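Visitor: the sequence and its predicted three-dimensional model are supplied below.
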Amino acid sequence: MNNCIFVGVAGGSGSGKTTVAHNLIKAFKSEDAVLVEQDAYYKELKELSIEERAKVNFDHPESIEFDLIKKHLMDLKDGKAIERPIYDFKTHSRKEKMVKINPSRIIVIEGILILSIPEIRDMLDVKIFVDTDADEMLLRRIERDINERGRTFDSVKKQYLETVKPMYLEFCEPSKRYADVIIPRGGENKIAINMIIAKLKRYLQKGSLS
Ligand SMILES: Nc1ncnc2c1ncn2[C@@H]1O[C@H](COP(=O)(O)OP(=O)(O)O)[C@@H](O)[C@H]1O
Ligand SMILES: Nc1ccn([C@@H]2O[C@H](COP(=O)(O)O)[C@@H](O)[C@H]2O)c(=O)n1
């Protein structure tokens, strides 16, 4: 599908990227907009025990299979469906099953490092950075990781201080400078999200973003 566009949504963990991306997607018919999540592409760590996997730096670009993300984005642009992995944060590994994603006019790709990796960034037609205060991101992450990702408060605290915060400062936060649009506070910023939706709807009608 040569007349498709890539919309990248980056921001720190807990900034509200996933919420923004879902709010964008749900404004369109399912055949017009699809979501590709960077989180699904964490590398397999089959050779490590679960305890060893928990110590991996999951906020460094090396932890993610960006080559596969790039291939999948190119396939979607070429009009081919992809089989996207499903990631299990409790075991730090991929599930057996895959999810089929069909090509569509609007492809949203969301993740902490989407604007940090030049090869991915250069493919994007619209670059969004979700900018939320660090204390709010951390509070949301603590709640989510304990309730949904099988973590303890102590493990979230250790991981945050050892890898999440330093990698955010090294890789994610500096990528904000590449954004076309910065959304403050995150997923519930309806005015910002509706402005982006309006722009994307015009793209569907006119076939161009200008
Ligand atoms: N504006 C908001 N106010 C309060 N909680 C929010 C807000 N946006 C997101 N959350 C919650 O914070 C957590 C992380 O949000 P999510 O969109 O998954 O962020 P990210 O993808 O950037 O990690 C989720 O549990 C979500 O429900
Ligand atoms: N096995 C893993 C893999 C990743 N993480 C953390 O997930 C964060 C990114 O996901 P968001 O939905 O919050 O953007 C990232 O900061 C990793 O630390 C993990 O804890 N375990």
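Guide: Perfect, I can see it now. Ligands and ions are numbered 1, 2, ... in the order given.
Visitor: list the buried residues of stretch 86-95.
Guide: 87, 92-94 (16 or more other C-beta atoms under 10 Å). C-betas here are computed from N, CA, C, even on glycine.
Visitor: skipping adjacent residues, who's closest to residue 11 in space?
Guide: In this structure, residue 11 finds its nearest non-sequential neighbour in residue 130, 3.3 Å apart by C-beta to C-beta, 6 or more residues apart in numbering.
Visitor: in which helix or strand does that neighbour reside?
Guide: According to DSSP states H and E, residue 130 maps onto strand 126-131.
Visitor: that strand pairs with which strands?
Guide: The strands that strand 126-131 pairs with in its sheet are strand 5-11 (parallel), strand 181-184 (parallel) (by DSSP bridges).
Visitor: residue 54: which of the buried residues of stretch 86-95 is nearest?
Guide: Nearest to residue 54 among these, counting by C-beta to C-beta, is residue 92 at 6.6 Å.
Visitor: which ones are touching the nearest residue to that closest one once chain neighbours are set aside?
Guide: Spatial nearest neighbour of residue 92, excluding adjacent residues (C-beta to C-beta, 6+ apart): residue 53 at 3.8 Å. Contacts for residue 53 (C-beta atoms under 8 Å, 6 or more residues apart in numbering) come out as 45, 91-93.
Visitor: enumerate the residues of this structure near ligand 2.
Guide: Proximity of the chain to ligand 2 (C-beta under 6 Å from any ligand atom) is limited to residues 13-14, 17-18, 39, 42, 58-59, 89, 92, 112, 164.
Visitor: out of these, which are buried?
Guide: Buried members of the residues of the chain next to ligand 2, counted by 16+ other C-beta under 10 Å: 13-14, 17-18, 39, 42, 58-59, 92, 112, 164.
Visitor: what's the farthest-apart pair in those residues?
Guide: Greatest spacing in those, by C-beta to C-beta: 17 and 92 (20.2 Å).
Visitor: which residues in this structure form helices?
Guide: 17-25, 50-53, 66-77, 118-121, 134-148, 153-159, 165-167, 190-206 (DSSP state H).
Visitor: among those, which is the most enclosed?
Guide: Using mean count of other C-beta atoms under 10 Å, the stretch among these with the largest mean neighbour count is helix 17-25, at a mean of 21.
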